[in-house]
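Trainee: The following block contains a protein sequence and its predicted model.
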Amino acid sequence: MAEQNAGHDAGQNAGRITGPDGEPAPAQGAVDRRPTVIADNLHIVYRVNGARTGKGSATAALSRIVKRGSDEAARGVRKVHAVRGVSFVAYRGEAIGLIGSNGSGKSTLLRAIAGLLPAERGKVYTDGQPSLLGVNAALMNDLTGERNVILGGLAMGMSREQIKERYQEIVDFSGINEKGDFITLPMRTYSSGMAARLRFSIAAAKDHDVLMIDEALATGDRTFQRRSEERIRELRKEAGTVFLVSHNNKSIRDTCNRVLWLERGELRMDGPTEEVLKEYEKFTGK
Ligand SMILES: Nc1ncnc2c1ncn2[C@@H]1O[C@H](COP(=O)(O)OP(=O)(O)OP(=O)(O)O)[C@@H](O)[C@H]1O
């Protein structure tokens with residue numbers, strides 16, 4: 001199991017892989033007890049430069065540079081503590097929904113699992129390569145959909161042969177060509193929904209150890225959402241672990257067997273989908 005981006009304090013937890021409250025039991029329907037992701041008392045802190053005084057003058061910038069040796073607050077660095085002491089163990093075959101109000105830390109947690117953000121404290125361990133599919137997944141707007149399928153496939157570690165074999169499947173799944181030959185046009189000509197569909201289709205073409213999806217389903221239309229949900233269920237059966245961030249409780253109900261509920265960066269509840277959603281819906285008044 002590989003360790004993602006240990007933070008500067010992470011050493012103090014070395015060798016301890018269960019959370020302080022013990023491991024949560026895997027939800028029903030998990031096919032395998034092998035852990036794929038372990039978060040151990042994880043803290044993520046963003047640092048925003050020059051956010052303290054709001055002064056943008058050259059003298060203010062210079063005085064910040066001069067104060068470089070002093071503490072961060074004096075230099076005008078603001079800290080945003082986005083994830084606070086989150087611990088959980090994810091297993092193979094689980095589809096885990098991440099829910100919580102805006103700004104509760106869901107995307108931050110996914111990015112930390114993907115190794116894109118360093119831990120301030122605590123650790124993340126992953127088994128296999130986590131792939132993060134976000135609304136901003138890196139495809140090139142000036143390249144055609146066709147080129148992006150190849151680029152995206154290569155970026156995920158597929159060989160040219162594998163991409164060639166899967167190419168038609170990816171295009172068909174995306175439905176990009178249903179209304180004309182759009183796959184040979186640059187991606188900048190796509191609507192946001194079309195671009196999101198292509199991103200999802202590329203990512204879903206590969207079996208992932210850990211696939212993380214950030215709101216990708218929200219942008220597609222209902223038919224595409226249904227098709228994606230079906231694919232998520234398949235990916236789960238193929239023994240990977242899927243994380244899905246969504247504000248759509250129905251999507252979470254239809255695809256996930258377990259839910260992590262974050263509020264203000266803390267893990268408020270972790271358990272079977274229905275139990276957690278019931279409490280969450282009480283909380284949001286829906
Ligand atoms: N790059 C950044 N720099 C500083 N603070 C950030 C950054 N990205 C996110 N934050 C802050 O971290 C906190 C958690 O944000 P995050 O995007 O993880 O929330 P979220 O639960 O995914 O929200 P949403 O449901 O609105 O997408 C928020 O307070 C946000 O303002």
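Mentor: All right, it came through fine.
Trainee: Following the chain past the lowest-mean-pLDDT helix or strand in the chain, name the next helix or strand.
Mentor: Of all helical and strand segments in the chain, the minimum by mean pLDDT, DSSP states H and E falls on helix 216-219, at a mean of 61. As assigned by DSSP states H and E, the chain's next helix or strand after helix 216-219 is helix 222-237.
Trainee: Next to the ligand, which bits of the stretch 1-150 of the chain? Give me the list.
Mentor: Counting by Cβ under 6 Å from any ligand atom, the stretch 1-150 of the chain comes close to the ligand at 46, 48, 80, 82, 100, 102, 103, 104, 105, 106, 107, 108. (Glycine included, C-beta is placed from N, CA and C.)
Trainee: now, which of these sits nearest residue 146?
Mentor: Minimum distance to residue 146 across those is 29.3 Å, recorded for residue 107 (Cβ to Cβ).
Trainee: Convert the C-alpha atoms of the helix or strand in which the closest one is found to CSV, please.
Mentor: Using DSSP H and E, residue 107 maps to helix 106-113. Taking C-alpha atoms only, helix 106-113 is exported to CSV below (Å, rounded to 0.1, in the frame of the first residue of the first chain):
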residue,chain,number,x,y,z
LYS,A,106,-15.4,16.8,-0.3
SER,A,107,-13.3,17.9,-3.3
THR,A,108,-10.3,18.6,-1.0
LEU,A,109,-10.5,15.1,0.5
LEU,A,110,-10.6,13.5,-3.0
ARG,A,111,-7.7,15.6,-4.2
ALA,A,112,-5.7,14.5,-1.1
ILE,A,113,-6.5,10.8,-1.8
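Trainee: What is that helix packed up against?
Mentor: strand 35-48, strand 78-91, strand 95-99, strand 121-126, strand 130-133, strand 210-214, strand 241-245 (3 or more Cβ pairs under 8 Å, 6 or more residues apart in numbering; DSSP states H and E).
Trainee: neighbouring contacts of the third one?
Mentor: Taking Cβ atoms under 8 Å, 6 or more residues apart in numbering as the criterion, the residues outside strand 95-99 that touch it are 90, 106, 109-110, 232-233, 236, 241-247, 249, 252, 255-262, 273, 276-277, 280.
Trainee: Type out the PyMOL command that picks the buried ones from those residues.
Mentor: This is how PyMOL selects the buried members of those, with burial counted by 16 or more other Cβ atoms under 10 Å:
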select buried, resi 90+106+109+110+232+233+236+241+242+243+244+245+246+249+252+255+256+257+258+259+260+261+262+273+276+277+280
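Trainee: looking at the helices and strands packed on helix 106-113, which one has the lowest mean pLDDT?
Mentor: Lowest mean pLDDT within those: strand 130-133, at a mean of 79.
Trainee: Which residue is the nearest non-sequential neighbour of the residue positioned nearest the centre of the chain?
Mentor: Note on the chain: the residue nearest the mean C-alpha position is residue 110, at 3.5 Å, using Cα atoms, centre = their mean. Leaving aside its sequence neighbours, residue 110 sits nearest to residue 212 (Cβ to Cβ, 6 or more residues apart in numbering; 4.7 Å).
Trainee: Surely that neighbour and residue 132 touch.
Mentor: Yes: with contact defined as Cβ atoms under 8 Å, residue 212 and residue 132 form a contacting pair (4.7 Å).
Trainee: Neighbour count: those two, which is higher?
Mentor: Taking neighbours as other Cβ atoms under 10 Å, residue 212 and residue 132 compare with residue 212 leading, 26 against 20.
Trainee: Enumerate every residue touching that one.
Mentor: 110, 113, 114, 130, 131, 132, 133, 242, 243, 244, 245.
Trainee: ok, the last one - contacts?
Mentor: Think residue 245. 97, 98, 99, 106, 107, 110, 212, 213, 214, 215.
Trainee: Could you list the low-pLDDT ranges of the chain?
Mentor: 4-32, 50-56, 61, 64-70, 73-75, 134-138, 216-220, 239 (pLDDT under 70).
Trainee: This completes my enquiry, with thanks.
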